[in-house]
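Chemist: next one to model:
(chains A, B, C and D)
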Protein chains: 2
Amino acid sequence: MKENGMDYTRYRKSLQDCQLLSKMDDATFTSLISLFNEEKWPKNTCFVNEDKFLCKFYIILSGRVKMYQLHEFSCKEVTLFLLTKGDFIDLFCLLDGSRHMAYYESLDEVKVLAVPMKNLHEWLQKHPQYYINLLSYAGKQLRMLEDYIADVIFTDISTRLLKLLISNVNKSSNNLELINDLSNKEIAYLIGSTRAVVNRHIQKLKQNGSLHASRENLQINNLPLLIKMLENKK
Amino acid sequence: MKENGMDYTRYRKSLQDCQLLSKMDDATFTSLISLFNEEKWPKNTCFVNEDKFLCKFYIILSGRVKMYQLHEFSCKEVTLFLLTKGDFIDLFCLLDGSRHMAYYESLDEVKVLAVPMKNLHEWLQKHPQYYINLLSYAGKQLRMLEDYIADVIFTDISTRLLKLLISNVNKSSNNLELINDLSNKEIAYLIGSTRAVVNRHIQKLKQNGSLHASRENLQINNLPLLIKMLENKK
DNA sequence: CAGGATGTGCTACTTAGGTAGTTTTTAAAA
DNA sequence: TTTTAAAAACTACCTAAGTAGCACATCCTG
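Modeler: Predicted structure coming up:
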């Protein structure tokens, strides 16, 4: 991190949605952020729960990182979180220092702020009120997993696909974001299915004109229709 | 809570596994526990995310409480957590005060310690280091949900049933605990399935002599066999 | 004891989703 | 440009799991 402190305001801005940093005055922010160093990870890099996640804590500045579980036997995957700007890696290890069996992969070139776990712990000891922010972040993730489970148990693949598409449409631009450049396989992992099945359902959406799909490119053609289809499921 | 303080040591003992209270000296413990009142909930009572969970925080002293999600349309259920001694209700609401869409039902007569959310927040403000304990509890729950998702996506019902049974055998007594008096329906909700399907698999376990099952009563007959069956799945 | 409610056991049926395999398309690398 | 690899598209097949329905057992209560 630059000594002159110029960068801090830049980080302040780009991390304005980061839960750890919310409701934090500038002085505190500076004391915290000065502990970090910026790192850059290349695209499509896998981190199979390396030791680095036990000794360092990361905040994503830009790019996507998927956090997933792998079934060794069948080599199947599920993506649990699609982490983006402001998200943490790995909160679990911060919590209790125990190894968290999880896999990470960068989907873009990713910029992160990195801090040695030890330093962050020391800082938090001095500023324990910010544990609340971490708790609130953990709570948000817990609810996401609860919803994931409810979806998997209660609804079929086509419903889950519709939900995924609709929930990733940017309200203002009406464009599909975050998942629009993913392959069918990655989409499948996001909803707990397989490439072939997801493709089958995508074909139907293409046929009724609600979706445009080509190689690693998804575009919503008719959002109201997608919403209507989702509502008809219930 | 009794004024004489006699009860505090009793609570100390029965809550020794409670994560919020770990590494807490007696004076601090007393200052915290004196905020609580003991409540008793009758068996089989539903709490459909009532306002009480928004204004009060509970620690379970004894008995089981299942936390579940309900699919309104199909009236299907999934049990996400089987809460017992030392568990919290509702951590989520404590975190950010937002309504947490969840359902609770007591499976036994349940004793809890209750504290107004406001009072606990005030106490935590004065003792912020104990947020760490809550974080660590949240982390444990997050991992449980991650495992749940991995199980549902990667494995079939019979595998999940075997896992459930094996993981609830008391190592020392070799007896099935916590779930041994549940109906097939409740077992099904625990692994994200339905009564009929679970019953189908239970029949197979009865046939090969690994399990004894009668009305709301499950007993392990041959644990090594169950373990072997689980390993053969992989 | 009778009646009702709930849990269990079992049959038969349906189907969505997983699987395997092949072809075609696309895009990047050589 | 050709080559190669990955993604997408499509076909055919199989099966576990969900569903519905009913008979029977068990328990509790009036």
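Chemist: from here on, contacts and neighbour counts on C-alpha atoms
Modeler: OK.
Chemist: who's in contact with the closest residue to A:S14 other than its chain neighbours?
Modeler: Sequence neighbours aside, A:L61 is the residue nearest to A:S14 in space, at 6.9 Å (criterion: C-alpha to C-alpha, 6 or more residues apart in numbering or on different chains). Listed by C-alpha atoms under 8 Å, 6 or more residues apart in numbering or on different chains, the contact partners of A:L61 are A:14-15, A:84-86, A:110-113.
Chemist: what is the neighbour count of A:Q19?
Modeler: 19 (other C-alpha atoms under 10 Å in any protein chain shown).
Chemist: contact residues of chain A facing DNA strand D?
Modeler: Chain A has residues A:153, A:182-185, A:196, A:199-200, A:202-203, A:213-217 near DNA strand D, with proximity defined as C-alpha under 7 Å from any atom of the strand.
Chemist: closest to B:K118 out of those?
Modeler: Using C-alpha to C-alpha, A:I153 is the member of these that lies nearest B:K118, at 35.5 Å.
Chemist: can you tell me the closest non-neighbouring residue to the closest one?
Modeler: Computed as C-alpha to C-alpha, 6+ apart, the closest residue to A:I153 that is not its neighbour in sequence is B:G192, at 5.9 Å.
Chemist: distance check, that neighbour against A:I59.
Modeler: Remark: distance between B:G192 and A:I59 (C-alpha to C-alpha, to the nearest Å) = 34 Å.
Chemist: list the residues that contact A:D90.
Modeler: With contact taken as C-alpha under 8 Å, 6+ apart, A:D90 is in contact with A:53-54, A:57-58.
Chemist: of those, which belong to strands?
Modeler: A:57-58 (DSSP state E).
Chemist: identify the farthest-apart pair in the contacts of A:D90.
Modeler: Once C-alpha to C-alpha is applied, the contacts of A:D90 give A:L54 and A:Y58 as the farthest pair, at 10.7 Å.
Chemist: when the two are compared, which one has more neighbours?
Modeler: Taking other C-alpha under 10 Å, A:L54 and A:Y58 do not tie; A:Y58 has more neighbours (24 against 20).
Chemist: that older thread, and which of the contacts of A:L61 is nearest B:D96?
Modeler: Nearest to B:D96 among those is A:G86, at 18.2 Å by C-alpha to C-alpha.
Chemist: three-state assignment of the closest one?
Modeler: With DSSP: H, G, I helix; E, B strand; the rest coil as the basis, A:G86 sits in coil.
Chemist: so who does it touch?
Modeler: Here A:G86 is in contact with A:15-19, A:59-61 (C-alpha under 8 Å, 6+ apart).
Chemist: which pLDDT value goes with it?
Modeler: With respect to pLDDT, A:G86 scores 96.
Chemist: if we ignore the residues flanking it in sequence, what's nearest it?
Modeler: Using C-alpha to C-alpha, 6+ apart, the closest residue to A:G86 is A:C18 (4.2 Å).
Chemist: swap in A:K76?
Modeler: The shortest distance from A:K76 to any residue other than its chain neighbours is 5.9 Å, reached at A:L70 (C-alpha to C-alpha, 6+ apart).
Chemist: counting neighbours, what do you get for that neighbour?
Modeler: Applying other C-alpha under 10 Å, we find 17 residues neighbouring A:L70.
Chemist: and it, what pLDDT?
Modeler: A:L70 carries a pLDDT value of 96.
Chemist: that one bridge partners, please.
Modeler: Beta-bridge partners of A:L70, counted by DSSP bridges, are A:E77.
Chemist: show me the strands in chain A, by range?
Modeler: A:37-41, A:46-47, A:56-62, A:65-71, A:76-83, A:88-89, A:103-106, A:110-116, A:211-214, A:217-220.
Chemist: beta partners for A:L176?
Modeler: On the basis of DSSP bridges, A:L176 is bridged to A:V169.
Chemist: and it, how many neighbours?
Modeler: So A:L176, with other C-alpha under 10 Å, has 21 neighbours.
Chemist: measure A:I33 to chain B for me?
Modeler: Distance check for A:I33 against chain B: by C-alpha to the nearest C-alpha, to the nearest Å, it reads 21 Å.
Chemist: thinking again about what came up before, closest to chain B out of the residues of chain A next to DNA strand D?
Modeler: Within these, the smallest distance to chain B is 5.9 Å, found for A:I153 (C-alpha to the nearest C-alpha).
Chemist: I figured the closest one hits B:V78, correct?
Modeler: Yes: A:I153 is in contact with B:V78 according to C-alpha atoms under 8 Å; the separation is 7.5 Å.
Chemist: comparing those two, which residue is more hemmed in?
Modeler: The residue with more neighbours, out of A:I153 and B:V78, is B:V78; 25 against 20, by other C-alpha under 10 Å.
Chemist: quick check: closest non-adjacent residue to that one.
Modeler: That would be B:Y189: by C-alpha to C-alpha, 6+ apart, it lies 4.6 Å from B:V78.
Chemist: okay, now the unreliable bits of chain A?
Modeler: A:1-7, A:50, A:97-98 (pLDDT under 70).
Chemist: need the contact list for the residue most central in space within it.
Modeler: Nearest to the mean C-alpha position of chain A, by C-alpha atoms, centre = their mean, lies A:L83 at 1.7 Å. A:L83 makes contacts with A:60, A:64-67, as judged by C-alpha under 8 Å, 6+ apart.
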